[in-house]
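Undergrad: build me a structure from this.
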Amino acid sequence: MNKVMVCASFAFGMINCIYAQHLPKPNFVLFIADDCSHYDLGCYGNVDSQTPHIDEFARQGMRFTKAYQAVPMSSPTRHNLYTGLWPVRSGAYPNHTCADEGTISIVHHLQPLGYKVALIGKSHIAPKSVFPFDLYVPDNNNQELNFRAIHEFIVDCRKKGQPFCLFVASKQPHTPWNKGDASLFNPKKITLPPMYVDIPKTRQQFTKYLAEINYMDWEFGKLLSILDKEGVADKSVVTYLSEQGNSLPFAKWTCYDAGVHSACIIRWPQVIKPGSVSDALVEYVDMVPTFIDIAGGKPQMRLDGKSFKRVLTGKKKKHKKYTFSLQTTRGIIKGSPYYGIRSVSDGRYRYIVNLTPNATFRNTEVESPLFKEWQRIAETDIHAKVVTTKYQRRPAIELYDVPNDPYCMNNLAEDNKYSRMIRHLDKELKRWMKYCGDEGQLTEMRALEHMAKGKDE
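TA: Now for the predicted structure:
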């Protein structure tokens, strides 16, 4: 980059910072998908997917290439996102979970700053005392977002001149994949990830999944159109998150990169440079402190996340050195009695510790007709054998060079030349676990004590 370009970039960042400091409190709108692999969106490189609204949105804002979540399951992810606390620290670490009484959330932080805070769509959080939204509207029986409620909430806040924070939680593309138009995709021509067994049934399932992503993209587009119609788009910081990966093997319910690596795109008119891409390492736990920072406030308590407002304004390029994740299989539908996983990544290498490697990893996907067909084929097919065995039987530790192995297929843990990296990442992981009060297997066995009574997959 030449000196002129450097100076121009610096000047743009400084202008944005000054502009951001003098803006009135912006609205916050966060749309979160449900079980969508980040690499299955067009703007993240998928040539088969059809996500025109998300792709256009990425051209208007900042797309993060290294955004992560703490848990590859919906309920603990949403607790983590709305509280800014690590899952074990809040008590919300298994699925169908609930935060400890006395925990506070984004609602408690933003209401004193004059914000009205709403959640419309999927909840999967508890108890109400931790999440006292000014408005909560669930999706209807067809698992569709209530756009009328979204529109009315925005209109009401606009008329009152009150800043708002609106979370829109879609249930797409969570299974069953029955939304959208699968005929948009040719199952014979789509490209499948290498950890799948390539048979017609897999391809048919994947086209249904892509169709539901396309439907979710329509939902996001409709939300953006409401913001435009009501004249609040330029006054709003809008965020798109893809949540954890899909429910096919090696994504959801795992700490492989596909399970905890999320799409994250943020638009902040007049502040974020349109079409910008950031390699800063950010996490869902950082969202609450970032919103508070942008709103001009201070957290009501110590948070585990850290504001990345300065990345958004162009003042900083880096944010964190490590991202941490965990998986608690105990308590999930058709899950193993216990199978705890802990993971850390420095943005390149992903280190995974399987707490009970002698146990067999199980979940609802393992019981699906598709996986059973993969197992049948594995009797005579080497690739199918490798895939199905790797998914259920894992070593004590795993290490992956993610840029060169994005699907985490080549475990480097037994290669001596990576022993120093393993020791380094293991030290960081243990430090994080100690901070969280995570006792490993003892914490896993207490998971059922932290589950909510009501279940919302």
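
Undergrad: tell me which helix or strand of the protein sits lowest on mean pLDDT?
TA: Least confident helix or strand of the chain, by mean pLDDT, DSSP states H and E, is helix 3-22 with a mean of 43.

Undergrad: following that one, which helix or strand comes up?
TA: Note on helix 3-22: by DSSP states H and E, the next helix or strand toward the C-terminus is strand 27-32.

Undergrad: list the contacts of that following strand.
TA: Identification of contacts with strand 27-32 by C-beta atoms under 8 Å, 6 or more residues apart in numbering yields 78, 81, 110, 115, 157, 163-170, 219-220, 223, 227, 232, 235-243, 287, 291, 294-295. Any C-beta I mention is one placed from the backbone N, CA and C, and that applies to glycine too.

Undergrad: tell me the mean pLDDT over it?
TA: Average pLDDT, strand 27-32: 98.

Undergrad: show me what secondary structure element comes after that strand.
TA: That would be, after strand 27-32 and using DSSP H and E, helix 52-60.

Undergrad: the inter-axis angle of whatever helix or strand comes next after that next one versus helix 52-60?
TA: Remark: after helix 52-60, the chain's next helix or strand is strand 62-68, criterion DSSP H and E. Between strand 62-68 and helix 52-60, the angle comes out at 100 degrees (axes from the mean of the first three to the mean of the last three C-alpha atoms, to 10 degrees).

Undergrad: report the distance from strand 62-68 to the chain centre.
TA: In terms of C-alpha atoms, centre = their mean, to the nearest Å, the centre of strand 62-68 is found 10 Å from the chain centre.

Undergrad: from the contacts of strand 27-32, which land in helices?
TA: Within the contacts of strand 27-32, residues falling in helices by DSSP state H are R78, L81, L110, C157, E219, F220, L223, L227, M287, F291, I294.

Undergrad: in contact with the fourth one, which residues?
TA: Spelled out, it's C157. Taking C-beta under 8 Å, 6+ apart as the test, what C157 contacts is N27, K116, P163, F164.

Undergrad: and of these, the nearest to R350?
TA: N27 (35.4 Å; C-beta to C-beta).

Undergrad: burial count for the closest residue to that closest one other than its chain neighbours?
TA: Among residues not flanking N27 along the chain, S236 sits closest, at 4.1 Å (C-beta to C-beta, 6 or more residues apart in numbering). The tally of other residues near S236 (other C-beta atoms under 10 Å) stands at 22.

Undergrad: same check on H96?
TA: H96: 21 neighbours (other C-beta under 10 Å).

Undergrad: do you know how far it is from T83?
TA: 17 Å (C-beta to C-beta, to the nearest Å).

Undergrad: same deal with L241?
TA: Plainly put, L241 is 15 Å away from T83 if you go by C-beta to C-beta.

Undergrad: picking that back up, in strands, which of the contacts of C157 fall?
TA: N27, K116, F164 (DSSP state E).

Undergrad: any chance of these in TSV, with neighbour count and distance to V282 too?
TA: Formatted as TSV, the ones in strands among the contacts of C157 follow (neighbours: other C-beta atoms under 10 Å; distance: C-beta to C-beta, whole Å):
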residue	neighbour count	distance to V282
N27	22	21
K116	20	26
F164	25	23
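
Undergrad: show me which of those residues is closest to K318.
TA: Scanning the ones in strands among the contacts of C157 for proximity to K318, where the rule is C-beta to C-beta, the winner is N27, at 27.9 Å.

Undergrad: picking up where we left off before, from what I can see the residue nearest to N27 touches P26, true?
TA: Yes. At 5.9 Å, S236 counts as touching P26 under the criterion of C-beta atoms under 8 Å.

Undergrad: got CSV for the contacts of C157, with distance to F57 too?
TA: Output for those, formatted as CSV (distance: C-beta to C-beta, whole Å):
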residue, distance to F57
N27, 16
K116, 24
P163, 21
F164, 19
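
Undergrad: closest to R267 among these?
TA: When these are compared against R267 (criterion: C-beta to C-beta), the nearest one is N27, at 11.9 Å.

Undergrad: for L241 and T83, indicate the residue with more neighbours.
TA: Neighbours per residue (other C-beta under 10 Å) separate L241 from T83, with T83 holding more: 30 against 23.

Undergrad: do I have it right that the more buried one meets V107?
TA: No. Counting by C-beta under 8 Å, T83 stays clear of V107, with 9.9 Å between them.

Undergrad: any idea how far apart the tips of stretch 130-148 sit?
TA: Start-to-end span of stretch 130-148 (C-alpha to C-alpha, to the nearest Å) is 26 Å.

Undergrad: in that stretch, what's buried?
TA: Of all the residues in stretch 130-148, those buried under the rule 16 or more other C-beta atoms under 10 Å are V130, F131, F133, D134, L135, Y136, V137, P138, D139, Q143, L145, N146.

Undergrad: tell me the mean pLDDT for that stretch?
TA: On average, stretch 130-148 scores 92.

Undergrad: quick one: low-confidence parts of this structure?
TA: 1-23, 453-457 (pLDDT under 70).

Undergrad: what ranges does it have for its strands?
TA: Using DSSP E, strands in the chain cover 27-32, 62-68, 116-121, 135-137, 164-169, 236-241, 261-267, 276-283, 323-328, 340-345, 349-354, 397-401.

Undergrad: so which of those strands is the most surrounded?
TA: strand 323-328 (a mean of 28; mean count of other C-beta atoms under 10 Å).

Undergrad: next one: that strand to chain centre, how far?
TA: The mean C-alpha position of strand 323-328 is separated from the chain mean by 12 Å, C-alpha atoms, centre = their mean.

Undergrad: got the angle between that strand and strand 276-283?
TA: Using the same axes, to 10 degrees: strand 323-328 against strand 276-283 is 50 degrees.

Undergrad: what's next to strand 323-328, contact-wise?
TA: By C-beta under 8 Å, 6+ apart, the surrounding residues in contact with strand 323-328 are 66, 68-73, 76, 86-88, 93-95, 253-255, 259-260, 281, 283, 339-345, 347, 429, 432, 438, 444, 447.
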